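Q: based on what follows, work out the 3D shape:
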Amino acid sequence: MIRTGLENLIDTPPPWLENKRLGLLCNPASVDSRFMHAKDLLHQQFGKRFKALFSPQHGLYAEKQDNMIESDDFYDPILKVPVFSLYGRTRRPTSDMMDQIDVLIIDLQDVGTRVYTFLTTVSYCLEEAAKTGKTILILDRPNPVNGIQIEGNCLQPEFASFVGRYPIPMRHGLTIGEYACWINERYDIGCDLAVIPMQGWQRNMHYRKTGLNWVAPSPNLPTPESAMVYPGQVIWEGTNISEGRGTTQPFELFGAPFVNIDKILSFMGGKLLKGCVLRPAVFEPTANKWKNIPCHGFQLHVTDPDRFAPYEISLKLLAAMIFHHNEQFAWKLPPYEYESEILPIDLIIGNGQIRKEIEAGKDIDDIMTQHRQQIMSFMEDTRPYRLYR
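A: Presented below is the predicted three-dimensional model:
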């Protein structure tokens, strides 16, 4: 049985929390095995010392559907504490916010992908805590796409943004606690940081193997399967290809009105790919790209998670779309996550050259091979910060 950092905190609170004023950064996925929410558990445990709530992108209730849809601050009428949005008028906790607490507890379910903005929000919290002399306490949770498989090129510094600040691969293999420990020391943030680890989690576990209940950490990752394909399928956000937003299966479904299914399958070598199947599909988004227009494309079904390489597969699908639909295919233009000049696809990939290589028809396997040393260096650099065998 796996126990999350939240459950370990409630069972055995660290003595140093005594008499500290507490805040909590959370969202709907911040629950224990009984679906009790962290804010209620902390309020029961610490009473009047529980002073504030903070929310990441998509809001405290994960009610905001899309990118750059901001949340406002408000007051929780039941707990009688302020709720500060870190995806609204500011994306960093301000000194006024931090003045109300001594310790900021972070309980967020990350999804193991560089562009998922919770990692950036955590990094901002570490920096502001260091400036204001506060403590960060992270309650660790599983990496839902496992902690072994690492995939993709590392982010180049000139493409740092809210969808990636540090030179990590697209699929990084770390828990949110491990990531925080790594950047805090490796990049000299200097935050007073503590992590309450999980019990029972093993690095080779995909989320379905953990026995934990899945609560969507954001509106368009409704299942562990959507999180499994996300490290690759997120690249469609930088294009005019629908990534399935506005459907019941976001990131698993993808396509556009102009897609020729047979041509894409031919380019990919058929429906059966490494660890997955491309099932031809037609879908009609109710929101976002191609709203109310039938899109031809696929549902990506993962058949063997241990063999499945989402980033590699999705880059090959991207190459197929460009090759066969060059006249209809288009890159999405800025703005994207508060960046108004760089192409969204370059921010997502974290590299401006890869897009140009794909456009020029370079083999995706060759592109990935040239970044393999980056992954090896990243693995060595992060090894001392891994909390689990």
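Q: and the pLDDT for the closest residue to residue 163 other than its chain neighbours?
A: On the basis of C-beta to C-beta, 6 or more residues apart in numbering, the spatially nearest residue to residue 163 that is not a chain neighbour turns out to be residue 115, at 4.1 Å. (Glycine included, C-beta is placed from N, CA and C.) At residue 115, the model reports a pLDDT of 98.
Q: got the CA coordinates for stretch 13-28 in CSV?
A: Output in CSV follows, covering the C-alpha atoms of stretch 13-28 (Å, rounded to 0.1, in the frame of the first residue of the first chain):
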residue,chain,number,x,y,z
PRO,A,13,3.6,15.9,11.9
PRO,A,14,7.2,17.0,12.1
PRO,A,15,7.9,18.5,15.6
TRP,A,16,9.3,21.7,14.0
LEU,A,17,5.9,22.6,12.6
GLU,A,18,4.7,23.3,16.2
ASN,A,19,3.5,26.9,16.6
LYS,A,20,4.2,27.7,12.9
ARG,A,21,1.6,29.5,10.7
LEU,A,22,0.8,27.3,7.7
GLY,A,23,-0.3,27.9,4.2
LEU,A,24,-1.2,25.2,1.6
LEU,A,25,-0.7,25.2,-2.2
CYS,A,26,-3.1,22.6,-3.5
ASN,A,27,-5.9,21.7,-6.0
PRO,A,28,-8.6,18.9,-6.2
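Q: so which bits of it are buried?
A: For stretch 13-28, burial by neighbour count (16 or more other C-beta atoms under 10 Å) applies to 17, 20-28.
Q: for the residue nearest to residue 163, give me its contacts.
A: The neighbourhood of residue 115, defined by C-beta atoms under 8 Å, 6 or more residues apart in numbering, consists of 163-164, 170, 234, 347-348.
Q: now those as JSON lines including neighbour count?
A: Shown next, in JSON lines, are the contacts of residue 115 (neighbours: other C-beta atoms under 10 Å):
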{"residue": "163", "neighbour count": "25"}
{"residue": "164", "neighbour count": "25"}
{"residue": "170", "neighbour count": "28"}
{"residue": "234", "neighbour count": "24"}
{"residue": "347", "neighbour count": "24"}
{"residue": "348", "neighbour count": "25"}
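Q: which two from the residues you listed end up farthest apart in space?
A: The most widely separated members of these are 170 and 347, with 12.0 Å between them, by C-beta to C-beta.
Q: correct me if wrong: residue 194 contacts residue 139.
A: No: Residue 194 lies out of contact with residue 139 (C-beta atoms under 8 Å); the separation is 10.1 Å.
Q: among the two, which residue is more densely surrounded?
A: Regarding residue 194 and residue 139, a neighbour count based on other C-beta atoms under 10 Å identifies residue 139 as having more, with 26 against 17.
Q: what comes up buried for stretch 345-356?
A: Using 16+ other C-beta under 10 Å, the residues of stretch 345-356 that count as buried are 345-351, 354-355.
Q: how long is it end to end?
A: Stretch 345-356 has an end-to-end distance of 11 Å (criterion: C-alpha to C-alpha, to the nearest Å).
Q: which residues does it contact?
A: By C-beta under 8 Å, 6+ apart, the surrounding residues in contact with stretch 345-356 are 114-115, 153-156, 158-159, 161, 163-164, 170, 234-235, 237-239, 315, 331-332, 336-337, 339, 342-343, 367.
Q: which of these fall in helices?
A: Secondary structure assignment (DSSP state H) places 315, 367 from these within helices.
Q: got the phi/psi numbers for the residue nearest to residue 163?
A: With angles defined as degrees, to the nearest 10, residue 115 sits at phi -80, psi -10.
Q: so it versus residue 189, what's the distance?
A: 21 Å (C-beta to C-beta, to the nearest Å).
Q: with residue 123 instead?
A: With the distance defined as C-beta to C-beta, residue 123 ends up 8 Å from residue 189.
Q: shared neighbours, those two?
A: Both residue 123 and residue 189 are contacted by residue 183, under the criterion C-beta under 8 Å, 6+ apart.
Q: pick out the residue closest to the middle of the chain.
A: residue 116 (2.6 Å; C-alpha atoms, centre = their mean).
Q: surely that one and residue 122 touch.
A: No: with contact defined as C-beta under 8 Å, residue 116 and residue 122 do not form a contacting pair (10.6 Å).
Q: quickly list what's touching both of those two.
A: With contacts defined as C-beta under 8 Å, 6+ apart, no residue is adjacent to both residue 116 and residue 122.
Q: give the contact list for residue 117.
A: The contact partners of residue 117, by C-beta under 8 Å, 6+ apart, come to 56-57, 87, 162-163, 337.
Q: what is the nearest of those to residue 32?
A: Within those, proximity to residue 32 (C-beta to C-beta) peaks at residue 56, which comes in at 19.2 Å.
Q: what's the local residue count around the closest one?
A: When neighbours are counted by other C-beta under 10 Å, residue 56 registers 26.
Q: any idea how far the closest residue to residue 245 other than its chain neighbours lies from residue 236?
A: When the adjacent residues along the chain are set aside, residue 245 lies closest to residue 288, with 3.9 Å between them (C-beta to C-beta, 6+ apart). Separation of residue 288 from residue 236 (C-beta to C-beta): 11 Å.
Q: who touches both of those two?
A: If you check residue 288 and residue 236 against C-beta under 8 Å, 6+ apart, the residues they both contact are residue 242.
Q: neighbour count: the two, which is higher?
A: Taking residue 288 and residue 236 together and counting by other C-beta under 10 Å, residue 236 has the greater number of neighbours (26 against 17).
Q: all helices for the chain, in order.
A: If you assign secondary structure with DSSP H, the helices in the chain sit at 5-11, 38-46, 95-98, 118-132, 176-186, 224-233, 261-268, 310-324, 344-349, 352-359, 364-369, 372-382.
Q: could you check the angle the last one makes with helix 176-186?
A: Spelled out, that is helix 372-382. With axes from the mean of the first three to the mean of the last three C-alpha atoms, to 10 degrees as the criterion, the two stretches helix 372-382 and helix 176-186 enclose an angle of 90 degrees.
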